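Asks: Next come a sequence and a model predicted from it.
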Amino acid sequence: MDARTSYREAAARGASPVQLVICLYEQAIDDLRQAVLALENGQIELRTRKINHAITVIGQLQGSLDMERGGEVARNLESFYGVVRAGICEGHMKQSAKILEREIAQLVLVYEAWLEVERATESAPEQPEAISAAPLVPSEDASADWSA
């Protein structure tokens, strides 16, 4: 197990739901960046493993959506995750770094929005209803198997 994985696992143990989401985004982005490097270096097995792991992480994000409490935001995120997963599969099948980088860019945009949510929840003495009723509630095993 590498130091980065150990750090993420330790961070997940005491994390809030928003922090868990942020950790999952970081993992998916990191997996895809490593997949792009593996693609460029002709490392087929590593590329496949990293892409599969990224898809699993995005599946975890998608599976943790609370459609009842999250309303339109949760529906939009569910659609977003489906599009990203399809794009990752396309990039993998076509062996296209460009397509994978496009999906990384999309994940980074939403990741940055989650960072803003985290900052807002940390700075607010009492959370407004819109933030406290976050569109996702990670399952008990949301941090399960982040290692690749």
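Replies: Noted; the coordinates are in hand.

Asks: Within the helices and strands, which one has the residue nearest the centre of the chain?
Replies: Most central residue of the chain, judged by C-alpha distance to the mean C-alpha position with C-alpha atoms, centre = their mean, is Tyr25 at 2.7 Å. Applying DSSP states H and E as the criterion places Tyr25 in helix 17-40.

Asks: Buried residues in that helix, which are they?
Replies: Along helix 17-40, the positions that meet the burial threshold by neighbour count (16 or more other C-beta atoms under 10 Å) are 18-32, 34-36, 38-39. To be clear about C-beta, it is placed using only N, CA and C from the backbone, and glycine gets the same treatment.

Asks: Quick check: next helix or strand after that helix?
Replies: Reading on from helix 17-40 to the C-terminus, the next helix or strand found by DSSP H and E is helix 44-63.

Asks: same question for that next one, mean pLDDT?
Replies: Per-residue pLDDT values across helix 44-63 average out to 97.

Asks: Can I get stretch 23-34 in CSV? Just the C-alpha atoms.
Replies: Included here for stretch 23-34 are C-alpha records, laid out as CSV according to Å, rounded to 0.1, in the frame of the first residue of the first chain:
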residue,chain,number,x,y,z
CYS,A,23,-12.0,12.2,-1.6
LEU,A,24,-13.8,10.1,-4.2
TYR,A,25,-13.4,12.8,-6.8
GLU,A,26,-9.7,13.0,-6.0
GLN,A,27,-9.4,9.3,-6.4
ALA,A,28,-11.2,9.2,-9.8
ILE,A,29,-9.2,12.1,-11.1
ASP,A,30,-5.9,10.5,-10.0
ASP,A,31,-6.9,7.1,-11.5
LEU,A,32,-7.7,8.7,-14.8
ARG,A,33,-4.5,10.8,-14.8
GLN,A,34,-2.5,7.6,-14.2
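
Asks: now it, how far from the chain's geometric center?
Replies: 7 Å (C-alpha atoms, centre = their mean, to the nearest Å).

Asks: next one: stretch 19-32
Replies: Shown here is stretch 19-32, whose average C-alpha point lies 4 Å from the average C-alpha point of the whole chain (C-alpha atoms, centre = their mean).

Asks: Could you do stretch 53-63 as well?
Replies: A distance of 7 Å separates the centroid of the chain from that of stretch 53-63, by C-alpha atoms, centre = their mean.
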